[in-house]
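Asker: Here you go, sequence then predicted model.
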Amino acid sequence: MIQPHSPRSDALDRLAQLPIRPSPCFALGMGRSGTHFLAALLATHPRVASFHLDHSFDPVADAFDCWAAWHHLPVDHGLLAEARAERIYGAASQGRVYFEANPLLTPLTTVLSHCFDARFVLVYRDPAAVVRSHQAKGWYSERHVRLDTRLAPGFQAPYRRTSHVFSRLTPSGDEEYRRWATLTIVGRLAWLWAAYYRRALADMRQSPGESMVLDIASVDQDGQERLCTFLSVAPVVKPHDLQALRRRPPGRSRRSTMAPEWNSREQREFESETEHTRATLEALRWKGVHG
């Protein structure tokens, strides 16, 4: 558990002094799972201040915080919290609910719960589609070097972007890392999909905030009304706005997402890595993680 820090940030102090404490909502989950769609959908709502990873103050900073939390490093996340506090305060001052859909915040549930009266929506999508999308984008195609798997990995210079160093997560611990290293790229991505959601579910169960597990494919007109109810706002998103987003979802990559057909080994690894976690998520769909 994070201990109260001193001095506190001015933004967090201003937020704490509001007569009614805001309850922001963070949509979490693996990238390419519909967080951009949710942010765009709720941006049409007059009482929701909706943001996506693309609106992040600094995606590299978010990726670093994600990586540090993933590896349980003793890092202060004050700047991440202060940046959100500024926006949450602004939204509350306008009578709006703050909503941020950001996959990089998924391992930071504990931080968000400590700093804010946060609610969480855990978004998932068919894992085969997510793995294929990341495969087409070249995830895990670079060589990854580790000497001591008990430690967090060092800076991987072969990665093309700094954000890739921090967002392309790997396991720690000799046995699990060695197993991961023997997997195909499909198997490694399937491992990440399952590990990301297992971590999210475990952390959210420790959070006192309300939560909901959401299959992005189920967000039809009835689904968006249920989502608005969770956010404590009237469901006023128009059907034609929802249909327009469905036809042209935001964040769709311009490059071909046609990953190669998987061979039998890749298919076996995918199914072995994702089967249990997928069943867990489907059993929790539209429910809170606390039961």
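Answerer: Great, that's in hand. Keep in mind the model is a prediction, meaning the values are calculated, not measured.

Asker: From here on, just use CA atoms for contacts and neighbour counts.
Answerer: Will do.

Asker: which regions of the stretch 1-150 of the chain sit below the pLDDT cut-off?
Answerer: Residue ranges of the stretch 1-150 of the chain with pLDDT under 70: 1-8.

Asker: Could I get the full set of helices for the stretch 101-250 of the chain?
Answerer: Ranges of helices in the stretch 101-250 of the chain, per DSSP state H, counting those that start in this stretch, are 109-115, 127-136, 162-167, 174-181, 185-205, 221-230, 239-247.

Asker: out of those helices, which comes closest to Cys66?
Answerer: helix 162-167 (7.1 Å; Cα to Cα).

Asker: Determine the set of other helices and strands touching that closest one.
Answerer: If you count contacts as 3 or more Cα pairs under 8 Å, 6 or more residues apart in numbering; DSSP states H and E, helix 162-167 packs onto helix 59-70.

Asker: Run the angle between the helix it packs on and helix 185-205 for me.
Answerer: Angle, helix 59-70 to helix 185-205, by axes from the mean of the first three to the mean of the last three Cα atoms, to 10 degrees: 80 degrees.

Asker: Can you name the element that comes right after helix 59-70?
Answerer: Using DSSP states H and E, the helix or strand that follows helix 59-70 towards the C-terminus is helix 78-93.

Asker: how about that next one: buried residues?
Answerer: Residues of helix 78-93 classed as buried: Leu80, Ala81, Glu82, Ala83, Arg84, Ala85, Arg87, Ile88, Tyr89, Gly90, Ala91, Ala92 (neighbour count, 16 or more other Cα atoms under 10 Å).

Asker: thinking again about what came up before, got the helices of the stretch 101-250 of the chain as a markdown table, with mean neighbour count and distance to Asp10 columns?
Answerer: Shown next, in a markdown table, are the helices of the stretch 101-250 of the chain (neighbours: other Cα atoms under 10 Å; distance: least, Cα to Cα, whole Å):
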| stretch | mean neighbour count | distance to Asp10 |
| --- | --- | --- |
| helix 109-115 | 20 | 13 |
| helix 127-136 | 19 | 39 |
| helix 162-167 | 20 | 28 |
| helix 174-181 | 14 | 41 |
| helix 185-205 | 22 | 27 |
| helix 221-230 | 17 | 29 |
| helix 239-247 | 13 | 38 |
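
Asker: Residues in contact with stretch 251-271: which ones?
Answerer: 36-37, 128, 132-133, 135-137, 183-184, 186-187, 190-191 (Cα atoms under 8 Å, 6 or more residues apart in numbering).

Asker: ok, those residues vs Thr229, which is closest?
Answerer: Nearest to Thr229 among these is Phe37, at 17.9 Å by Cα to Cα.

Asker: Enumerate every residue touching that closest one.
Answerer: Residues Leu245, Pro249, Pro250, Gly251 are the ones in contact with Phe37 under the rule Cα under 8 Å, 6+ apart.

Asker: Now it: which helix or strand?
Answerer: helix 35-42.

Asker: gap between that helix and the chain center?
Answerer: Distance of helix 35-42 from the chain centroid (Cα atoms, centre = their mean, to the nearest Å) equals 13 Å.

Asker: just stretch 179-193 next, same as before
Answerer: On Cα atoms, centre = their mean, the centre of stretch 179-193 falls 19 Å from the chain's centre.

Asker: Likewise for stretch 245-261?
Answerer: With Cα atoms, centre = their mean, you get 19 Å for stretch 245-261.

Asker: Pick the one among the contacts of Phe37 closest to Asn102.
Answerer: Gly251 (12.6 Å).

Asker: Would you confirm that that closest one belongs to a helix?
Answerer: No: using DSSP: H, G, I helix; E, B strand; the rest coil, the assignment for Gly251 is coil, not a helix.

Asker: Please state the backbone phi and psi of it?
Answerer: Torsion angles at Gly251 (phi, psi; degrees, to the nearest 10) stand at phi 80, psi 0.

Asker: roughly how far apart are it and Tyr89?
Answerer: Distance, Gly251 to Tyr89, by Cα to Cα, to the nearest Å: 27 Å.
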